[in-house]
Every structure is written in structure tokens, then in C-alpha cells.
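Visitor: Need a 3D model of the following:
(chains A and B)
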Protein chains: 2
Amino acid sequence: MPSKPKADPETIEESRRFAPRFDASGLIPCIAIDAAAGDVLMMAWMNAEALRLTLETGFVHYFSRSRGAIWKKGETSGALQRVVEVLTDCDQDVILVRAEVADRAGTCHTGRATCFYRRVPLGAGPLERELEPVE
Amino acid sequence: MPSKPKADPETIEESRRFAPRFDASGLIPCIAIDAAAGDVLMMAWMNAEALRLTLETGFVHYFSRSRGAIWKKGETSGALQRVVEVLTDCDQDVILVRAEVADRAGTCHTGRATCFYRRVPLGAGPLERELEPVE
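Guide: Numbering: from 1, shown residues only, chains lettered A, B, ... in the order given. I've put the predicted structure just below:
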């Protein structure tokens, strides 16, 4: 196999400079993982200020698109997300946070421990199909 | 503590009907997890057709925003993502796929096993800061 061409450190993929790429609305998606259990808690959005507050305070902050405001996760529910590690992806247009959660039971606003509690059955046919609860 | 109000099965959070909410561009974010190792491989976008192909073929398809085309993940690199499970979140505006990856080494287009290979250091100060490689 030919050897892989040497990566150009000037590209956004190889750069050591953090230059998060916000979308046209000034937002970047953030995936939150439970640092202990390893599973995905939720995906929400950050603006630059929510990201800055997350890095500065060590508690995950998001930007609510519906409310148009920054929100410290868990401030009301108690399911605070204490940052263990913040990562970004190759294109620097996604954030991934590994966090310790104070109260897993309140992670989702529906009162569940994760936002991902329904499975989409596989198979042909229209997208609209019956969801299955994840036990 | 007052008991939680009974969930309304007609809401998108409690509904058993899959009704994915695509954004204004017709896209929905998809998080891909390695079903065996449990870690996050990547986040990319799907349109309705990519999602339908994923459910129908059992191989993850995405929509490339830069190329404006559907792409079967791994068709070129070999890092095919065979679907184990597809989940959606409370608001049905995120997809999460647990997949078996044929060749982890080629998951990221940079030739890495995940797109999340750089850490953002915590602390006060401007967002622009030096990234740390994840070993």
C-alpha cells in the first residue's frame, strides 16, 4: 500500500489551533457523553458564549434555540453536567463533552436518564413507522 | 415531592410514531457509535433519503453538505458502518446509530479511528486556544 501523504498542519483537520466552526445561526452541535457509563446522554447546541462558559466554569452550558437563551444544564433539574473532557472533531464543527452527571435520572426533560429512549425499527418502507421503547 | 404529571402520548416526546424533524435544509444530525467499543465515531448529517437507505439496507448512509450528495459510509475507505441499532431522541431531531465498523482505522477521512482526536483545554480566556492530541 502506498504510504499516506503527510498531513498538512495548516488544515483545520491537523491544526492545533481551536477554531470552532459555528453554523449560519452561530451554533455548533454538542454531544454529551456520561464519562462513567460511556453512553450518550443528549445532543444540544452551543453558541460561542455557551462554549466559553462551559470551558471556563467546568459545567456544561447550552444555547436553547426555542428560548433563544443560554442555559446551564441541570440548573433546574439537578442533572448538572460537570465537564471531564471537551473534544472537537476533524472539521471542528462538532463538540463532544464527556461529563459527570449529578443526577442521571433527570438528564432528559421527559424525566429519563438519556434522551435516546426509542428505537427506530430497521427495514424497507416509509420512514414513518412505529418506534420501540428501549428498555 | 409532587408526582410527575402523566406524559401525554400525543406529544413528540411520548409518541410511538417516528416523525423525524429535519431542519430547514432537510437534514438531521446523526451520531455514530461503535457498537462494540461504545465510543463515538463521528457526527454527520442525513436527509430523508439517507435515513431511509440506512434503515432499508442496514448500512449507514449520510448526506454530504459539501458535495450535496448521499454517501454510503465506507464505500471508498472500507470503514463501512453496519447498523446494529437506530435510535432517536426526545424531540426526534437527532439520530443515533450504533454500528459495527468493518475497519475502524479508516473511520475518519484523516485516517484515524474516530473524528474526535483533539481535546479542548478547560479554563478561562478566549475560545481560540491550543488543542491537545488525544493519545
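
Visitor: centroid residue for chain A?
Guide: A:Ile31 (1.5 Å; C-alpha atoms, centre = their mean).

Visitor: contacting residues around A:Leu41?
Guide: By C-beta atoms under 8 Å, 6 or more residues apart in numbering or on different chains, the residues touching A:Leu41 are A:32-34, A:81, A:99, A:101, A:107, A:114-115. Just so you know, the C-beta spots here come from the backbone N, C-alpha and C atoms, and that holds for glycine as well.

Visitor: give me the subset of those touching chain B.
Guide: By C-beta under 8 Å from any C-beta of the partner chain, the members of the contacts of A:Leu41 lying near chain B are A:33, A:115.

Visitor: The residue nearest to the centre of chain A contacts A:Ala99, doesn't it?
Guide: No - between A:Ile31 and A:Ala99 no contact is recorded; they are 10.6 Å apart, counting by C-beta atoms under 8 Å.

Visitor: So, low pLDDT: which residues of chain A?
Guide: A:1-7 (pLDDT under 70).

Visitor: In it, what residue spans correspond to strands?
Guide: Ranges of strands in chain A, per DSSP state E, are A:28-34, A:40-46, A:61-64, A:69-72, A:81-88, A:95-101, A:118-119, A:132-133.

Visitor: same for the last one, what does it pack against?
Guide: It refers to strand A:132-133. With contacts defined as 3 or more C-beta pairs under 8 Å, 6 or more residues apart in numbering or on different chains; DSSP states H and E, strand A:132-133 has these neighbours: strand A:118-119.

Visitor: Partner strands of the strand it packs on and their direction?
Guide: Next to strand A:118-119 in the sheet, as set by DSSP bridges, lie strand A:132-133 (antiparallel), strand B:81-88 (antiparallel).

Visitor: any idea which of these is most buried?
Guide: Mean neighbour count, computed with mean count of other C-beta atoms under 10 Å in any protein chain shown, is highest for strand B:81-88 among the strands paired with strand A:118-119, reaching a mean of 20.

Visitor: Determine how far it lies from the middle of the whole chain.
Guide: Chain-centre distance of strand B:81-88: 10 Å, with C-alpha atoms, centre = their mean, to the nearest Å.

Visitor: any idea what sits nearest A:Ala44, other than its immediate chain neighbours?
Guide: Setting aside the residues directly before and after it, A:Ala44 is nearest to A:Tyr62 in space (C-beta to C-beta, 6 or more residues apart in numbering or on different chains), at 4.2 Å.

Visitor: Please disregard the earlier target; I meant A:Ala32.
Guide: The shortest distance from A:Ala32 to any non-neighbouring residue, by C-beta to C-beta, 6+ apart, is to A:Leu41 (4.4 Å).

Visitor: same deal with A:Tyr117?
Guide: A:Val134 is the one closest to A:Tyr117 (C-beta to C-beta, 6+ apart), at 5.2 Å.

Visitor: since we're on that neighbour, how many residues are nearby?
Guide: 12 (other C-beta atoms under 10 Å in any protein chain shown).

Visitor: my guess is it contacts B:Asp89, does it?
Guide: No - counting by C-beta under 8 Å, A:Val134 sits too far from B:Asp89 to count as a contact (11.4 Å).

Visitor: anything in contact with each of those two?
Guide: Residues touching both A:Val134 and B:Asp89 (C-beta under 8 Å, 6+ apart) are A:Phe116.

Visitor: Make JSON lines from the strands paired with strand A:118-119 and add distance to B:Ala19 to it.
Guide: Shown next, in JSON lines, are the strands paired with strand A:118-119 (distance: least, C-beta to C-beta, whole Å):
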{"stretch": "strand A:132-133", "distance to B:Ala19": "15"}
{"stretch": "strand B:81-88", "distance to B:Ala19": "9"}
